[in-house]
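Engineer: pasting the structure only:
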């Protein structure tokens, strides 16, 4: 007779537990790390009905409170979020680099080159005009500054990324530390047969976060510890962590290492945010800077070479326009600046607009004895290329007398005459004279050619090289955009699948709530009815 | 698929963001008029556009350079025109002076006029463009023709004037592969004529006979022929400049057209797309409003 009350009671308790679980689910409906839980109800151990051979049910109990999840999908989300974290960083980096180069615009390096070229063309037309000379100096300074600006901003960014690596490393350490603590709590709970659902959720959330930061592998051991390795080295092992460290090398390209019992072992993650940051820092930025340095270096040298072959308003030759960069290409875009002699007050008269040669690309001349040079004599120089790719030349003077001729000499050959030298630079026919007058703008146009005609680097002009660099940056940035997009989509889709399995549906919970409430009501009714029945029985006895 | 509430909200937000991003891109295109604003928007179009704008910059500079060179040539042409006039008058005077019947006073008057012509020629040869002397070669700040200080002591052997410039050519770069000489020097163009007029003046002043004066006719006419020659040469150069300028104008026009095709948005298309995206965005907002609202919660009392 009391069985009914017992059964009713077990149902009341079980439905109440279930409603509480539903409530817990509803409460966590917007907790993105939450895995929905479900009470597993099971029939209680049945009793043998005395004097019969059948068993009688004894009610219901909560067997377990389960997390509803698909660990395969969860693992996929994590793996893809490593890639996603990586591409997020690359994309951010490329976007920043694009902004640093600031093309196409009216204030980038290309337009600095254009304005400088314009000023040199003007100098060709007005070689002794002060305003034109001042413009050449200013545009030269703007050009050098544009190079330096890009370099400085890139280096600033590189330093910032180096700090980011440091921050990410400490973030990783903080996460692994917390995971190891959860390991302790979880294993303790499991050992006493508790299901620490919410602790597991929290640990998994941390583990997910860790996966975005760095590519790790993890496995749960028999007693419930989550053990994590990176690049094959132990990061979390049961309750212990090995700390990730920065091994600074003073070049803003710090490496990361793992500290195992005091020994640092280098770590090379193959994905995750930290790898993205390091790739931008160590691959993208240096490769663009290297190209920029090459452009700055070759341009400076070629320009100086042409500039020093010309003469200035005082008739002096040999002046550099930009400060000589020495023999190192590295950092050329950081070091480029106009020469102090040009920058100084009155320095614009040192700009070499003139050239003894009408076409310096064919031949340039140099006076070796200024006192005795005959300034009224002209030298017609004709240089042709012969079958073996070398130069043949003939030189006659203004009276038509042959001065010299020769065969099969190489480019850059210097011919020494009384009072002057001639250097053969290319094929063509031109005139050399040693008047040093201010109306000579021959060198200006030849300087302008350094910018957009001469093949300065990689068989292409400076401008072509720069445009190719911008194109490379554009293509890489576009690829990063697309990868970030598609990787993000993938993570979102997988996240949707995960959510569809583990997420809380309020409709469902409300339906469950009503379901459990009805069962609760019915169980309560059962108890009331059993009570009435008992009362009837007791009444009969009375 | 089991759909949960946060999934719906999440997907809806995602879609709203996408729609908004698209709206933003189109708005940006519409307000800037350009298809791209950074290299990654379209690397090929961006570099094409950079190279076009570079060419346009170069051509516009060459236009400026050509105008510069042309004003030099045109001024030179004008001075040569003036020179011809001076020489023509001198020629008339020489022919007139060959007449022996002229009296002393007539000759003195003629001498005075020839002297004026000589000085006029000196002044023409010292013409300037801006601060530069046109006819002194590259020594543009040097006055090309000046009186010879030794002339007074030895008028027979010394020249009346000296050339102070050099014989260098002033070359202007007017296109990627064209350099053009723009200058003439006073020694070639004027010196001989000045000396001729000076001698004629001296002879007239000294009352030499008609035959002596007549001998200058040939010299003057040679000088005129030479002047014509120079004028023709300068004229031909101006023509060539005009041709190059026309070609550059055409090139600029064509490149601008190409560049516009390359980088400018098709307004009609963008406006239509924008309108459409706006509608989509509105629709997604209103559907979002409807989706979030109802849940079983609303129906359980």
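Structural biologist: Happy to help now that I have it. This one's a predicted model, so the numbers in the text were calculated from it and none came from an experiment.

Engineer: drop to CA atoms for contacts and neighbour counts, all remaining ones
Structural biologist: OK.

Engineer: thought residue A:22 was touching residue A:512?
Structural biologist: Yes: under the criterion of Cα atoms under 8 Å, residue A:22 makes contact with residue A:512 at 7.2 Å.

Engineer: burial count for whichever residue of the stretch 151-300 of chain B sits closest to chain A?
Structural biologist: Distances between the stretch 151-300 of chain B and chain A by Cα to the nearest Cα are smallest at residue B:296, namely 5.2 Å. The tally of other residues near residue B:296 (other Cα atoms under 10 Å in any protein chain shown) stands at 13.

Engineer: mind listing the helices for the stretch 51-200 of chain B?
Structural biologist: In chain order, the stretch 51-200 of chain B shows helices spanning B:104-125, B:186, B:192-205, with DSSP state H, counting those that start in this stretch as the criterion.

Engineer: buried deepest among those, which one?
Structural biologist: Per-residue neighbour counts averaged over each of the helices of the stretch 51-200 of chain B give the maximum for helix B:186, namely a mean of 27 (mean count of other Cα atoms under 10 Å in any protein chain shown).

Engineer: do that one and chain A meet?
Structural biologist: No: shown here: helix B:186 not in contact with chain A (Cα under 8 Å from any Cα of the partner chain), separated by at least 15.1 Å.

Engineer: so what's residue A:79 up against?
Structural biologist: Under the criterion of Cα atoms under 8 Å, 6 or more residues apart in numbering or on different chains, the neighbours of residue A:79 are A:211, A:215.

Engineer: from chain B, how far out is it?
Structural biologist: When Cα to the nearest Cα, to the nearest Å is the yardstick, residue A:79 and chain B sit 21 Å from each other.

Engineer: circling back: roughly how far apart are the residue of the stretch 151-300 of chain B closest to chain A and residue A:508?
Structural biologist: Taking Cα to Cα, to the nearest Å as the criterion, residue B:296 is separated from residue A:508 by 9 Å.

Engineer: and if you look at residue B:204?
Structural biologist: 127 Å.

Engineer: same check on residue B:35?
Structural biologist: Going from residue B:35 to residue A:508 by Cα to Cα gives 48 Å.

Engineer: so between these two, which is more surrounded?
Structural biologist: Taking residue B:35 and residue A:508 together and counting by other Cα under 10 Å, residue B:35 has the greater number of neighbours (21 against 16).

Engineer: that one reaches residue B:43, doesn't it?
Structural biologist: No: with the criterion set as Cα under 8 Å, residue B:35 and residue B:43 do not qualify as a contacting pair; they are 11.6 Å apart.

Engineer: report the buried residues of stretch B:140-158.
Structural biologist: Neighbour counts over stretch B:140-158 (16 or more other Cα atoms under 10 Å in any protein chain shown) mark B:140, B:141, B:142, B:143, B:144, B:145, B:146 as buried.

Engineer: over to stretch B:163-173?
Structural biologist: Under the neighbour-count criterion of 16+ other Cα under 10 Å, stretch B:163-173 has B:163, B:164, B:165, B:166, B:167, B:168, B:169, B:170, B:171, B:172, B:173 buried.

Engineer: ditto for stretch A:510-521
Structural biologist: Of the residues in stretch A:510-521, A:510, A:511, A:513, A:516, A:517, A:519, A:520, A:521 count as buried by neighbour count, 16+ other Cα under 10 Å.

Engineer: mind listing the strands for chain B?
Structural biologist: With DSSP state E, the ranges of strands along chain B come out as B:128-129, B:132-133, B:145-147, B:161-163, B:171-175, B:178-181.

Engineer: for the fourth one, packing partners?
Structural biologist: Right, the one you point to is strand B:161-163. Counting contacts by 3 or more Cα pairs under 8 Å, 6 or more residues apart in numbering or on different chains; DSSP states H and E, strand B:161-163 is packed against strand B:145-147.

Engineer: average pLDDT for the strand it packs on?
Structural biologist: If you average the pLDDT over strand B:145-147, you get 93.
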